[in-house]
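Asks: task: produce atomic coordinates for the following.
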Amino acid sequence: MISLILIFLFLIPLCLGNFHLLTQFFLMLTYIYMLYSGSFPYFSKISYLLGIDSLSYTLILLTLLISSFMIISIIGYEWIPLFLIVNISLVFFLFIIFSSLDFLYIYISFEFILVPLVILILGWGYQPERLISGLYLFFYTLLVSLPLFFILVNIYMRVGSIFFDYLIFNMDFFIIHFILLIVFMVKLPMCFLHYWLPKAHVQAPVSGSIILAGLMLKIGGYGLIRSMTLFEFMYINYSYIWFSVSLVGSLIISIVCLIQSDIKCLVAYSSICHMGIVIIGLCTIRYWGLLGSLLLILGHGFCSSGLFYIRNLLYIRRGRRRFYINKGLSIFIPRGSIVFFMLCSFNIRCPPSLNFIRELIIIISILGFWSVSSFFFIFISFLCACFRYYLYSYSQHGLYRTLYRFSSLTLMEFLCLYIHIFPLVFFRLFICSIF
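Replies: Numbering: from 1, shown residues only. This next block holds a predicted model:
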């Protein structure tokens with residue numbers, strides 16, 4: 001594991017030399033190495049309190065792919081060397097989070113990853129409101145993570161270690177349970193703790209939106225899965241609280257999506273709805289719920305980042321994000337309309353995508369936990385299909401408002417879009433280790 005960390009550190013001189021394509025080549029080379037090295041259900045490749053198992057293995061693969069998409073998305077930007085350094089810093093801290101065997105490593109990386117993310121939003125954002133969105137992100141993270149630090153200190157004083165294999169408790173204290181969960185619920189985010197996400201998405205550049213949707217939301221899911229194995233007794237007792245809040249919250253956010261007039265806002269709010277389904281699957285405390293939530297995390301990482309990327313391609317060519325102005329885009333960019341349709345279809349769980357499989361798995365888990373909730377879940381899925389139809393039909397259909405002008409996508413843009421779609425269909429090549 002230390003060898004992989006050294007790879008990220010040695011990529012910094014390439015970033016200073018503005019070799020962005022060479023940097024992306026080494027990231028993909030690292031991805032191929034990780035893909036063929038494989039992993040085990042238990043922790044392997046252990047060194048300096050770092051190791052990987054099946055869960056961290058899939059998220060590290062997702063991290064390397066999404067970071068490559070970020071590099072493709074910034075071609076033509078200013079200050080590319082600084083951006084590459086920020087990108088490598090994000091990949092480094094995410095790698096530490098997903099491969100850590102010690103809770104302190106996760107906490108430190110959890111805090112430090114905020115710095116390059118705020119630099120990304122403030123430095124390459126669009127509007128002056130990016131200052132407010134950066135403050136929202138900063139204070140939401142700081143407010144909920146500070147109590148976790150005191151909990152970790154208390155655990156270390158009592159147990160003498162915060163290594164994962166040593167932290168198995170049978171306590172039933174709701175305050176500790178609440179502090180442990182609220183940190184990761186904000187990062188997901190759960191409904192009613194989500195106000196920072198639309199602001200950060202709207203004001204962030206396309207690369208910031210890609211990493212927020214593709215990776216940053218996955219930190220919350222990863223933390224919930226890890227803490228669930230440590231404090232299983234408290235999860236069993238109090239899971240119905242988070243289950244109910246997420247079920248109602250996803251229903252509310254689905255309705256909110258139907259009244260949005262901004263393409264970027266709609267995709268951001270849809271991420272909140274999907275992350276609520278992740279919490280629902282995890283709160284069932286079953287293997288199928290865990291597997292379905294993990295598949296949803298992976299599928300959402302590709303679908304949402306792809307939608308943000310193609311939305312940016314439309315914004316570059318039109319300079320607008322509103323539904324009521326961006327009509328008839330299937331005439332303006334016909335080839336992009338096909339890719340947009342595929343991403344919207346896969347996001348509403350159409351076969352043969354990865355999202356169709358996780359929909360069936362989560363429904364099975366929910367039926368075993370509380371059968372009545374399946375009606376709510378079906379209604380949420382119906383509303384998700386409605387706002388995806390709303391997103392596609394309002395932007396792609398209709399009368400184009402200006403004179404006819406044909407615009408096509410470049411080869412690099414097609415490459416980035418189809419790499420988003422490829423793992424959703426041929427998912428066995430990507431997540432073969434978790435079955």
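
Asks: so where's the stretch 151-300 of the chain uncertain?
Replies: Counting by pLDDT under 70, the stretch 151-300 of the chain contains low-confidence residues at 165, 168-171.

Asks: run through the helices of it in chain order.
Replies: Remark: helices assigned in the stretch 151-300 of the chain by DSSP state H, counting those that start in this stretch are 174-187, 196-203, 206-211, 217-230, 232-257, 263-283, 287-318.

Asks: can you check the stretch 1-150 of the chain too?
Replies: Remark: helices of the stretch 1-150 of the chain, listed N- to C-terminal, are 2-10, 12-16, 20-37, 54-73, 80-99, 103-112, 114-124, 130-159; assignment by DSSP H, counting those that start in this stretch.

Asks: tell me the angle the first one makes with helix 20-37.
Replies: Here helix 2-10 points in a direction 170 degrees away from that of helix 20-37 (axes from the mean of the first three to the mean of the last three C-alpha atoms, to 10 degrees).

Asks: now swap in the last one and tell me
Replies: Between the direction of helix 130-159 and that of helix 20-37, the angle (the same axes, to 10 degrees) works out to 30 degrees.

Asks: helix 130-159 packs against which elements?
Replies: Helices and strands touching helix 130-159, as assessed by 3 or more C-beta pairs under 8 Å, 6 or more residues apart in numbering; DSSP states H and E, comprise helix 103-112, helix 114-124, helix 174-187, helix 196-203. To be clear about C-beta, it is placed using only N, CA and C from the backbone, and glycine gets the same treatment.

Asks: ok, back up a step: deepest of the helices of the stretch 151-300 of the chain, which one?
Replies: Between the helices of the stretch 151-300 of the chain, the one whose residues have the most neighbours on average, counting mean count of other C-beta atoms under 10 Å, is helix 206-211 (a mean of 28).

Asks: which residues touch that helix?
Replies: Contacts with helix 206-211, where a contact means C-beta atoms under 8 Å, 6 or more residues apart in numbering, come from 66-67, 69-70, 73-74, 83, 87, 90, 117, 120-121, 124-125, 200-201, 264, 268, 305, 308-309, 311-312.

Asks: mind checking how far the closest residue in space to Leu266 that isn't next to it in sequence is from Cys283?
Replies: The spatially closest residue to Leu266, leaving aside those adjacent along the chain, is Gln260, at 4.2 Å (C-beta to C-beta, 6 or more residues apart in numbering). Using C-beta to C-beta, to the nearest Å, one gets 27 Å for the distance from Gln260 to Cys283.

Asks: now the end-to-end length of stretch 190-204.
Replies: End-to-end distance of stretch 190-204 (C-alpha to C-alpha, to the nearest Å): 20 Å.

Asks: how far does it sit from its chain's centre?
Replies: Computed by C-alpha atoms, centre = their mean, to the nearest Å, the separation of stretch 190-204 from the middle of its chain amounts to 13 Å.

Asks: what do you get for stretch 105-113?
Replies: Mean C-alpha position of stretch 105-113 versus that of the full chain (C-alpha atoms, centre = their mean) differs by 17 Å.

Asks: return it as CSV; C-alpha atoms alone will do.
Replies: Coordinates of each C-alpha in stretch 105-113 appear next as CSV, following Å, rounded to 0.1, in the frame of the first residue of the first chain:
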residue,chain,number,x,y,z
TYR,A,105,-6.4,7.9,9.8
ILE,A,106,-10.0,8.2,8.5
TYR,A,107,-10.7,11.2,10.8
ILE,A,108,-7.5,13.1,9.8
SER,A,109,-8.0,12.5,6.1
PHE,A,110,-11.7,13.3,6.5
GLU,A,111,-10.7,16.7,7.7
PHE,A,112,-7.8,17.4,5.4
ILE,A,113,-9.8,16.5,2.2
